[in-house]
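Asker: compute the structure for the input listed below.
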Amino acid sequence: MSLKTKRFEFSGFVLDPREKVLLRDGKPVAVTPKVLQLLLVLVENHGHIVEKEKLMAEVWADSFVEESNLTFTIRQLRKILGDDTQNPRFIKTVQRRGYRFIAEVKEVSSDDIFVEEQVRTKTSFKENPFANGWRSRPVLFSIFGVIILFLLLTTSFFIWQGAGNKARILTDAENSRLKFETIKSSDKPIAATISPDGKYIAYTNVTNGQQSLWLRQLSSGLNTPIVAPTNIVSFGSIEFSPDSEYIYFTRGGENEPSHLDRASIFGGAVKTNILNSLDGAFSISPDNQSISFRRWEERKRSLLIANIDGNDIRPIFDTPKTFTDNVFSPDGKTIAFASGQSGTGNQDFGVYAIDVESGEVKPATDFRWHHVRDVVWLPDQSGLLITARIKNDDPQQIWKISLPSGEVKKITDTQNHFSSISATADLSQILLMQVSRSSNLYLASASAPDNVQPLAQASEGVVWTPEGNLVYSSHSSSNNDIWLLNADKINQKQLTTEDSADFNPRVSPDGRYIVFVSDRSGKNNLWRMNTDGSNVVRLTGGDGESGAAFIPDTQFVVFNSAKDGTLWKISVEGGEATLVSDKRAYNISISPDGTRFAHFAEKDERVKIFVKSFATGDLAGEFAVPEGFSAGRKIVWIKNGAALIYSAEDSKNAGNLWEQYISGTAPQKLTNYTSDEIFSFNYSPDESQIALIRGSWHHDVVLVREFK
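Answerer: Numbers count the residues shown, from 1 in each chain. Next up is the predicted model:
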């Protein structure tokens, strides 16, 4: 087909930036988007040194990468061009600075290019057709091409994601063959994993608020306690040793840092404190000689490796972003992990592989998700299984990443939310944790808060208008939307109807506006609308915002940058946001006089409430949550500013309201609920009523047999 476009010609190659294609002798060359974009930057600056920092900023503008990614991509580009590092014809390395494109380049602004029509085949990692950003845009199809396209569309279903994530996903037509068998159900959090030999499941159990570790023999259904219950320790991640004879697990308490322990499946003494101060997931190498694990430090998360006895700890990778699972490959040479920022609301989470010996990090795919939770290797290392979701509101599903191609498939497509996945060594069985939440909006009198009246289904955030209406978010329309319940508490109105996650509403002091968080622009930004749902406009346009709070008696909204936790403010009428504080402080609550703010934060291994000056950020008060309770999600000032009301949960996950006077007296319990967490609450303007969103989680351990 003939295209009129600007192009670059060099040594038999033609690079067409508009059509995003590289031709050799008139035929397309299979190349990944990142390699093509890298080539374009070099060619546009031919004859000049392009600094490494510039290349990384332009090619990976929306991702975090190490310099090793640039080195790897340069190597792939040289291979495609047939270049040699010792005697380069195209790309010359400028030591410690960057690269220079040295071939003679002819820039032609207007001409015809003939592109030979092809059907793309499966390719290697460097030829990944599912990569991010670049895709061809043919303007004319032959009849043969149309027939091929029709056959493709009738045999596979392709989902094209929105801006910033152009990768193609094939949903697996065979997912209906999967048979889900519920092994255990609980209204309390459970951690569970299946042994490599497929004979056992290790899981946590909660009885009377005390957690314990159990072993289930799949052939007989026999359940055996491995670690006795305790009310001061919570279990975290669990993993079997490669020979299936030991269970490794993390546990810790409010005053006890998380540590790694080991127990035999045959019973006996537990070996404790193999490693200390772990942050979540860990992995045992297939030769049973090493442990990979995470640690969290201020503004940095690190991946480390230690000997199996906990000695010889050495870091191999760190990032300012969150990273979730980390798991050794079957040959023990590589660790796969997931990393990104889900708080921003955009699709930032990727899956990566790091070489254990060299520390070189490579993306497993260019595709991005909103969040990735767990990672499992296929036995032959030909791919990965992950649990992930595209949007904040999506249920987490099972996905497959093929290696080395980077092709992405969605294996399950259900309304069930799979939080975790583990598998047998031969992948014949997988174990899933299926999680669901049920929550409702309740109303109670402040003088008798234990007597609650259910009003409606609700999920995130509830606030009052000056007239006594309630504004909240709800999934009742199969999407997270903002709703309004009139002061009569009978008539409801849906205020947002977009195909987006809209949540955490806030009402302006004068009652004119509702500010809420929405991902309708591809990121979690603040949006504003009138209280009747009209005139919806975006207030912020950064990399992600959260935690909006109005400064009393003003038209200014204070919010967090989801990227780094810094505090900003912006007028509800719009305009430029200005920095309030470069210190992290999430979900703040501003005092009635606007001079102070309160927030939860961790100090000395405990979550505390901090009260700070709004003008200077100086600490004005520090209060501990009662012993044995976990801090909730919300803090509210009483009208005279003398006390704070906050939610906290006990060991049975029952949430209650507590009152903490700024004078420093001991906190007082205001409610006596025996079940359900408190996800949000707020007092009416006259403090005579309390609106609460309460509910619970349900956890199912699900086994899939004959998965492979």
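
Asker: and the residue nearest to residue 72 when sequence neighbours are not counted, what does it touch?
Answerer: Among residues not flanking residue 72 along the chain, residue 362 sits closest, at 5.8 Å (Cβ to Cβ, 6 or more residues apart in numbering). Every C-beta, even on glycine, is put in place using the N, C-alpha and C of the backbone. The contact partners of residue 362, by Cβ atoms under 8 Å, 6 or more residues apart in numbering, come to 68-69, 72, 352-355.

Asker: for residue 24, state which of these is nearest.
Answerer: Taking Cβ to Cβ as the measure, residue 24 lies nearest residue 72 of the contacts of residue 362, at 21.9 Å.

Asker: any idea how far the closest one is from residue 79?
Answerer: Distance from residue 72 to residue 79, counting by Cβ to Cβ, to the nearest Å: 11 Å.

Asker: show me which of these two is the more surrounded one.
Answerer: Legend: neighbour count by other Cβ atoms under 10 Å for residue 72 and residue 79, higher for residue 72 (20 against 11).

Asker: touching, that one and residue 360? I think so.
Answerer: Yes: if you go by Cβ atoms under 8 Å, residue 72 and residue 360 touch, sitting 7.2 Å apart.

Asker: was I right about residue 673 contacting residue 450?
Answerer: Yes: if you go by Cβ under 8 Å, residue 673 and residue 450 touch, sitting 7.1 Å apart.

Asker: between the two, who's got more neighbours?
Answerer: The neighbour comparison of residue 673 against residue 450 (other Cβ under 10 Å) goes to residue 673, with 18 against 12.

Asker: grab the most central residue of this structure for me.
Answerer: residue 371 (2.9 Å; Cα atoms, centre = their mean).

Asker: which one is it nearest to, not counting chain neighbours?
Answerer: The shortest distance from residue 371 to any non-neighbouring residue, by Cβ to Cβ, 6+ apart, is to residue 342 (4.2 Å).

Asker: and the helix or strand residue 433 falls within, how far out from the chain's middle?
Answerer: Element membership for residue 433, per DSSP states H and E: strand 430-445. Taking the mean of its C-alpha atoms, strand 430-445 sits 19 Å from the chain's own mean (Cα atoms, centre = their mean, to the nearest Å).

Asker: helices or strands next to it in the packing?
Answerer: For strand 430-445, the packing partners by 3 or more Cβ pairs under 8 Å, 6 or more residues apart in numbering; DSSP states H and E come out as strand 192-194, strand 417-423, strand 448-457, strand 470-474, strand 689-704.

Asker: about what we covered before: quick check: the residue nearest to the centre of the chain touching residue 386?
Answerer: No: in this structure residue 371 lies outside contact range of residue 386 using Cβ under 8 Å: 10.3 Å.

Asker: returning to what we had before: give me the three-state assignment for the residue nearest to residue 72.
Answerer: State at residue 362, reduced to three classes by DSSP: H, G, I helix; E, B strand; the rest coil: strand.

Asker: ok so, going back, tell me which element the residue nearest to residue 371 falls in.
Answerer: Taking DSSP H and E as the definition, one finds residue 342 inside no helix or strand.

Asker: show me what contacts it?
Answerer: By Cβ under 8 Å, 6+ apart, the residues touching residue 342 are 322, 348-349, 370-371, 392.

Asker: mark which of those are part of helices, please.
Answerer: Under the assignment DSSP state H, the contacts of residue 342 contribute nothing to helices.

Asker: widest-spaced pair of those?
Answerer: Between any two of these, the greatest separation by Cβ to Cβ is 14.5 Å, found for 322 and 392.

Asker: and residue 695, how many residues sit next to it?
Answerer: 20.

Asker: quick check on residue 53: phi, psi?
Answerer: phi -60, psi -40 (degrees, to the nearest 10).

Asker: who's the nearest residue to it once chain neighbours are set aside bridged to?
Answerer: Counting by Cβ to Cβ, 6+ apart, residue 53 lies nearest to residue 98, which is 8.0 Å off, once chain neighbours are set aside. Judged by DSSP bridges, the bridge partners of residue 98 are residue 51, residue 94.

Asker: so who does residue 98 touch?
Answerer: Contacts here follow Cβ under 8 Å, 6+ apart; on that basis residue 98 touches 49-55.

Asker: separation between it and residue 60?
Answerer: As defined by Cβ to Cβ, residue 98 lies at a distance of 15 Å from residue 60.
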